[in-house]
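Participant: Below are the sequence and a predicted model; questions follow.
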Amino acid sequence: MTTPHFHFQGTVPYLQKATRAMPKALGYAETSGAENFRGWQTRARRKLRELMGFLPAEVSSPRSWLIEREVVEGFTREHWALESPLGDHVFLYRLVPEQAAGRVMVALHGHGTYPNDAVAGVNLGRENEAYEIEFFNYDYGAECARRGYLVYVPCQRGFNQRGGPGNSCLDINSRATLLGSNDIGLRVQDVLGLLDWIKSRPEERRLPGGGHATQFVAALDTRVEVACNQGYFAYWRDQIVDVTHCNCNYVPGLLRWFEQPDVAALICPRPLLVTTATEDTVAPIASFRRAYRALKQIYRDQGVPERLEQDTFEGHHEWSGRKVYGFFEKWLGR
């Protein structure tokens, strides 16, 4: 009797292999999106919204409260509380420039010890606070306000005022998946509710976006006129399949339907800037470059290659303002 050759291995290598072999059911290339781009975007946006797993909204006309106002160099920083679509409250900063130019920015934070505080330029002298702001160039919301943008900096679920024990990305995502939702989907649902509130205010007009949450928000909501995806754009198979990252990156079913360039293509023909650093482990530069070439071809197919730009710089997972401010000014005007 012949003894079979047993193949014992961990499950993760199998899943990595399966990821590469699986066609993307609504991928741009797999579904000939170039031939009927608008129709493909409609179908893909509908499926992406489904994958985000939004929970039933409890609030359609959110109440808001101005908590505090402080004048700092170049702008006024307002502290607000806003009802989320799910009925709890979002803490946010509203940065009002000294000379407003009719342009509204939503600056979404990533991970960090003081995420939305740092983006809004808040420095209370807490441990490593000044270092994190300086090393990661993390006060980009404040910098945009000094350049004339009216900037909204919300606190996302799991952080600062919305964090604490038992509210990590793993804690949230593990429970949300039981309801057919997920961590990033809940965050995106909050931001879409914020956009509704912003657009209801008569003084708010032009709307660019800040990337993880930024990309999904801009893909789903065409009210975002210009977007910057900083330190997130790469193939998901390289970014979160071959490497284990924070649980908030994992959306059930996502890779059965799309790769990251497909989702970014839902922003086309709107202007988009994608960036990464040479040592960024969240958006590895080799994968970033391959994904950029694929997305650039989509923008070429639609006749707007000039609306997609990229920037790579020496550094780690950090914010680079080297190109983004000029990019926004180019498409929104001064």
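Facilitator: Arrived safely, thanks for sending. Numbering: from 1, shown residues only.

Participant: Quick one: low-confidence residue ranges for the protein.
Facilitator: 101, 202-211, 334 (pLDDT under 70).

Participant: Does Val12 belong to a helix, a strand or coil?
Facilitator: Put simply, Val12 is helix when judged by DSSP: H, G, I helix; E, B strand; the rest coil.

Participant: In contact with Arg289, which residues?
Facilitator: The contact partners of Arg289, by Cβ atoms under 8 Å, 6 or more residues apart in numbering, come to Thr312. C-betas here are computed from N, CA, C, even on glycine.

Participant: oh, I was asking about Val304
Facilitator: Val304 is in contact with 268-269, counting by Cβ under 8 Å, 6+ apart.

Participant: Can you give me the separation between it and Ser61?
Facilitator: 36 Å (Cβ to Cβ, to the nearest Å).

Participant: With Asn36 instead?
Facilitator: Separation of Asn36 from Ser61 (Cβ to Cβ): 37 Å.

Participant: Which one of these two is surrounded by more residues?
Facilitator: Asn36 (12 against 8; other Cβ atoms under 10 Å).

Participant: tell me the contacts of Tyr299?
Facilitator: Applying Cβ under 8 Å, 6+ apart, the residues near Tyr299 are 268-269, 305, 307-308.

Participant: Could you identify the buried members of these?
Facilitator: With burial judged by 16 or more other Cβ atoms under 10 Å, the buried subset of those is 268, 307-308.

Participant: Let me have these in JSON lines, adding secondary structure as columns.
Facilitator: Listed next are these as JSON lines, based on three-state DSSP:
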{"residue": "Cys268", "secondary structure": "coil"}
{"residue": "Arg307", "secondary structure": "helix"}
{"residue": "Leu308", "secondary structure": "strand"}
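
Participant: Distance to Asp262 for those residues - can I get that in a markdown table?
Facilitator: Shown next, in a markdown table, are the buried ones among the contacts of Tyr299 (distance: Cβ to Cβ, whole Å):
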| residue | distance to Asp262 |
| --- | --- |
| Cys268 | 11 |
| Arg307 | 17 |
| Leu308 | 14 |
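
Participant: Looking at those residues, which is nearest Gly148?
Facilitator: Set against Gly148, the nearest of those by Cβ to Cβ is Arg307 (22.2 Å).

Participant: which residues touch that closest one?
Facilitator: 268-272, 299, 331 are the contacts of Arg307 under Cβ under 8 Å, 6+ apart.

Participant: Let's see which of those residues end up in strands.
Facilitator: Leu272 (DSSP state E).

Participant: Among the contacts of Arg307, which one lies nearest to Leu194?
Facilitator: Arg270 (18.7 Å).

Participant: Test my guess that the closest one contacts Thr222.
Facilitator: Yes - counting by Cβ atoms under 8 Å, Thr222 is a contact partner of Arg270 at 7.3 Å.

Participant: Of these two, which one has the most company?
Facilitator: Taking neighbours as other Cβ under 10 Å, Arg270 and Thr222 compare with Arg270 leading, 18 against 12.

Participant: how close does that one sit to Lys296?
Facilitator: Taken as Cβ to Cβ, the span from Arg270 to Lys296 is 15 Å.

Participant: ok, now Gly321?
Facilitator: Distance from Gly321 to Lys296, counting by Cβ to Cβ: 23 Å.

Participant: No more questions from me, cheers.
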